[in-house]
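*Asks:* Structural data only, the sequence is not supplied:
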DNA sequence: GCAGTTCCATACGGCACCGTATGGTCCTAC
DNA sequence: GTAGGACCATACGGTGCCGTATGGAACTGC
């Protein structure tokens, strides 16, 4: 739990980190103890020392993901207390081009037949939606409007993540084009409902 | 290939149909011959008669998906030649609440580490994006604008599909609410870029 | 009604992963 | 410097799936 460098002597975190990489590449099925052990240059013995079984490893990996990809992001955005519109902009910019994050996202949403994954995904989505709804309501939308916008905005993020993985070349490539795309999405999203 | 009812004597289509159901539920990993055989009340012998190996079954299943969930939809929409805006509306309505379809969609986008899946997913996404871009350009958008709108619209669809699977209860439940949601999305999407 | 084809059942070997058991090595404390 | 615990290696049996082989059943034409 406290060891750090060296060549041997792994920690739980070493395992969950490796598991998240594997998850991003090969889906939840790739979070398998024996392959991970090889990858880590160790053996199953280590895994079954740190975790009761595969399920415990998966569980720990999911918790790590929840922490890093939801709470940490929200905290960062909320850290400097700028105007809601700016926070929304920073959020979109932060989140709409994180390829590695998108990988994990997809792998998880895909494997949501696994009850462990389904539960984690549900918590994360609800958390994000409620945060987005709060931002939109601070922008002057009614409750109902804000909720719908939150769903739309989050859908865009999720869809974008999928496209990033599946057909990356249809998305803007240069930083400038990417910025234009984000601005366009943002302008579209923040148009008051009722304008046709 | 021509047999139809009876209790026994399966066809290739029986297998790919069962495979698509399994795919929707358990991801690409669930397209496994022995479990499917059990499910179909037969044995592997049947599978290996109709298909060379598992890969051939997966390939056939993906082709079926491409046909049913892309070409068929586009043909239906294009069948009656109404105004672009109406076609877009019908498309959104058709596509934004097909739970079963969304299941398969997610399962596939998730398993796109598999090269077979990746190729199919790429083809389907490109086809859809180009069709959407065409619709938007018919609505008066420039090429670049239409492309961006296509990406946004398709992202919304993909994101919605994920939410349908992961947190279904945050989406509108009643037909009326669903209609309102679709109209809202549509109005948002068809706002000219430049309006803030 | 018999031969050939079409389709399926069964049995087998192989591989990848899970989880257990058990012994070995290193680290720390005293 | 030795005892106990923390950490890992190795070997084993079990399970689920793949793919092959081979022997039927069921239909088909003649």
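*Replies:* Looks like it arrived, so ask away. Small disclaimer: the values here were computed from a predicted structure and weren't measured.
*Asks:* to the chain's geometric centre, what's the distance from the helix or strand residue A:78 falls within?
*Replies:* Using DSSP states H and E, residue A:78 maps to helix A:72-79. Here helix A:72-79 is found 14 Å from its chain centre; the criterion is Cα atoms, centre = their mean, to the nearest Å.
*Asks:* Can you spell out which helices and strands pack onto that helix?
*Replies:* helix A:84-95 (3 or more Cβ pairs under 8 Å, 6 or more residues apart in numbering or on different chains; DSSP states H and E). Bear in mind the C-beta positions are built from the backbone N, C-alpha and C, glycine included.
*Asks:* Just want the angle from the helix it packs on to helix A:72-79.
*Replies:* Using axes from the mean of the first three to the mean of the last three Cα atoms, to 10 degrees, the interaxial angle of helix A:84-95 with respect to helix A:72-79 works out to 150 degrees.
*Asks:* ok, is helix A:84-95 in contact with chain B or not?
*Replies:* No - with Cβ under 8 Å from any Cβ of the partner chain as the criterion, chain B is not reached by helix A:84-95; the gap is at least 10.4 Å.
*Asks:* helix or strand for whichever residue of chain A sits closest to DNA strand D, which one?
*Replies:* In chain A, no residue comes nearer to DNA strand D than residue A:45, which is 2.1 Å away by Cβ to the nearest atom of the strand. Assigned by DSSP H and E, residue A:45 belongs to helix A:44-50.
*Asks:* tell me which residues of that helix are tucked away?
*Replies:* By 16 or more other Cβ atoms under 10 Å in any protein chain shown, the buried positions in helix A:44-50 come out as A:46-47, A:50.
*Asks:* Outside of that helix itself, list whatever touches it.
*Replies:* Helix A:44-50 has contacts (Cβ atoms under 8 Å, 6 or more residues apart in numbering or on different chains) with A:10-12, A:15, A:33-34, A:36-37, A:40, A:57.
*Asks:* ok, now stretch A:84-95?
*Replies:* A:73, A:76-78, A:82, A:101, A:135-136, A:138-139, A:153, A:157, A:179, A:182, A:185-186, A:190.
*Asks:* the bottom helix or strand of chain A by mean pLDDT?
*Replies:* Lowest on mean pLDDT, DSSP states H and E among the helices and strands of chain A sits helix A:99-110, with a mean of 82.
*Asks:* That one vs chain B: in contact?
*Replies:* Yes - on the criterion Cβ under 8 Å from any Cβ, helix A:99-110 is in touch with chain B at A:106-107, A:109-110.
*Asks:* most surrounded residue in the residues you listed?
*Replies:* Neighbour count (other Cβ atoms under 10 Å in any protein chain shown) singles out residue A:107 as the most crowded of the residues of helix A:99-110 next to chain B, with 28 neighbours.
*Asks:* what's near enough to touch the closest residue to it other than its chain neighbours?
*Replies:* Nearest non-adjacent residue to residue A:107, counting by Cβ to Cβ, 6 or more residues apart in numbering or on different chains: residue A:27, 4.7 Å away. Contacts for residue A:27 (Cβ under 8 Å, 6+ apart) come out as A:107, A:110-111, B:27, B:110-111, B:113.
*Asks:* where along chain A do the helices fall?
*Replies:* A:12-26, A:33-39, A:44-50, A:54-66, A:72-79, A:84-95, A:99-110, A:115-138, A:143-166, A:175-189 (DSSP state H).
*Asks:* ranking these by mean pLDDT, which is last?
*Replies:* Ranked by mean pLDDT, those bottom out at helix A:99-110, with a mean of 82.
*Asks:* Tell me the buried residues in the helix holding residue A:78?
*Replies:* For helix A:72-79, by 16+ other Cβ under 10 Å, it's A:73, A:77.
*Asks:* What angle do helix A:143-166 and the least confident helix or strand of chain A make with each other?
*Replies:* Using the same axes, to 10 degrees, helix A:99-110 lies at 110 degrees relative to helix A:143-166.
*Asks:* how far does helix A:99-110 sit from the chain's center?
*Replies:* Counting by Cα atoms, centre = their mean, helix A:99-110 comes out at 7 Å from the chain centroid.
*Asks:* Return the nearest residue of chain A with respect to chain B.
*Replies:* residue A:110 (1.5 Å; Cβ to the nearest Cβ).
*Asks:* Contacts only, for that residue.
*Replies:* A:27-28, B:27, B:106-107, B:109-111.
*Asks:* Quickly check those residues for the two that are furthest apart.
*Replies:* Farthest pair in the contacts of residue A:110 (Cβ to Cβ) is A:28 and B:109. Separation: 14.0 Å.
*Asks:* ok so, going back, adding distance to DNA strand C and neighbour count as columns, could you present the contacts of helix A:44-50 in JSON lines?
*Replies:* Converted to JSON lines, the contacts of helix A:44-50 look like this (distance: Cβ to the nearest atom of the strand, whole Å; neighbours: other Cβ atoms under 10 Å in any protein chain shown):
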{"residue": "A:10", "distance to DNA strand C": "12", "neighbour count": "19"}
{"residue": "A:11", "distance to DNA strand C": "13", "neighbour count": "14"}
{"residue": "A:12", "distance to DNA strand C": "16", "neighbour count": "15"}
{"residue": "A:15", "distance to DNA strand C": "12", "neighbour count": "24"}
{"residue": "A:33", "distance to DNA strand C": "3", "neighbour count": "18"}
{"residue": "A:34", "distance to DNA strand C": "4", "neighbour count": "11"}
{"residue": "A:36", "distance to DNA strand C": "8", "neighbour count": "22"}
{"residue": "A:37", "distance to DNA strand C": "8", "neighbour count": "19"}
{"residue": "A:40", "distance to DNA strand C": "13", "neighbour count": "16"}
{"residue": "A:57", "distance to DNA strand C": "8", "neighbour count": "23"}
